[in-house]
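Student: Here is a sequence together with a model predicted from it:
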Amino acid sequence: MTGWDGNRLLLFILVGAAMVGILLIRYPHPVERTASASAPRPFIVFDATLYKDKPSLDAYSIHPITVLYESRLFVANQSPPALPPETIVRSVAYELRGSPEPVVLDIERWPLKGDETAVQLTVAKFLSVLSWVKAEAPGVPFGVYGTVPVRDYWRAIRDPASTEFRSWQQDNDQLEKISDQVDVLFPSVYTFYPDRQGWVTYAIAQIAEAKRKAKGKPVYAFLWPQFHESNRVLGLRPLDPDYWELQLNTVYQHADGVVIWGGWGDKGPESWNEEAPWWQVTKQFIKRIDKSAPAPPNDLSAQ
């Protein structure tokens, strides 16, 4: 090989290396992206139901979850705008120290939309409560039920380019200090109407908004296998099994987990029904998404 040929070969190698470097900068780690996209996404099912005589659901890979209702945080007959007593909140949170599962604050008495001053007062109150519980139970993941995003069926189902949808997003933006301080978001996607496509649109929008405000934190959606009590005709009526299955599948496709609520009737906790259609659908759903889980015993209620 002559000196000229050697120089040409060296130049060719240098140009080729430079091109590879440019491609790596523009399209980094293509192999890693493919591997992560094909990895199974974990999906967690939580049990927040209030049924009495309920058997252990551990064998079904269903996780317990703690919901702190207003009755545990506030004094009876306390003025709605007031904060719960700090001593009570700290005491309840201290009891949960070391909990491996998330804890949900369920405070629904403060306005989340409307007058800007009132909403900012709500934000300040939630930040106070969150600071108290985090101080007493460090390391426990806390979230707030149905707060970010605001539960709003009619605006959530609008076209994302519409004024109504954007105003809903603006309301959610006003609550961003709350979503920044929680460890997990719990959007509520309960059922108000029999319109199934409407519910799917609503649920996907709620979960997408939760993810927008979560900034990478887990999003676990609350589901209830009954119509919401606000519906004067269908309120508290059980959902048809295929409607419930549609809801579980929708949440599975878009969220990181589901929190199943229910079991509370007009007279308090209802009795567990092993043959309830919603429970049969739920067991089949779990078996489908977690085929590696051991088969549960045939009759857990007998244990």
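Tutor: Yes, it's here.

Student: Report the residue spans of the chain with pLDDT below the cut-off.
Tutor: 1-41, 291-303 (pLDDT under 70).

Student: Point me to the helix or strand that includes the residue nearest to the spatial centre of it.
Tutor: The chain has Tyr220 as the residue nearest its centroid, 1.8 Å off, counting by C-alpha atoms, centre = their mean. Element membership of Tyr220 [criterion: DSSP states H and E] is strand 220-223.

Student: Check which helices and strands that strand sits against.
Tutor: helix 196-214, helix 241-254, strand 257-260 (3 or more C-beta pairs under 8 Å, 6 or more residues apart in numbering; DSSP states H and E). All C-beta atoms are positioned from the backbone trio N, CA, C, and that covers glycine.

Student: what's downstream of the last one, the next helix or strand?
Tutor: Right, strand 257-260. strand 264-265.

Student: contact partners of that following strand?
Tutor: 50, 236, 270 (C-beta atoms under 8 Å, 6 or more residues apart in numbering).

Student: do stretch 59-71 as well
Tutor: 44-48, 84, 92, 96, 99, 101-109, 145, 259, 261, 283, 286, 290, 293-294, 296-297, 300.

Student: again, only this time at 7 Å
Tutor: Contact with stretch 59-71 is made by 44-48, 92, 96, 99, 101-107, 109, 259, 283, 286, 290, 293, 296-297, 300, as judged by C-beta atoms under 7 Å, 6 or more residues apart in numbering.

Student: What's the end-to-end length of stretch 58-73?
Tutor: Stretch 58-73 has an end-to-end distance of 28 Å (C-alpha to C-alpha, to the nearest Å).

Student: per-domain residue ranges of this protein.
Tutor: 1-39, 43-302 (automatic domain parsing).

Student: Among those, show me which one is buried the most.
Tutor: domain 43-302 (a mean of 17; mean count of other C-beta atoms under 10 Å).

Student: And the helices in the protein?
Tutor: Secondary structure of the chain (DSSP state H): helices at 3-26, 30-38, 70-73, 86-95, 116-136, 153-156, 163-173, 176-181, 196-214, 241-254, 277-289.

Student: Go through the contacts of strand 264-265 and flag which are in strands.
Tutor: Judged by DSSP state E, strands contain none of the contacts of strand 264-265.

Student: Who are the contact partners of Tyr193?
Tutor: Asn231.

Student: State the phi and psi torsions of it.
Tutor: Dihedral pair for Tyr193: phi -140, psi 160, per degrees, to the nearest 10.

Student: What's the separation between it and Val233?
Tutor: Going from Tyr193 to Val233 by C-beta to C-beta, to the nearest Å gives 10 Å.
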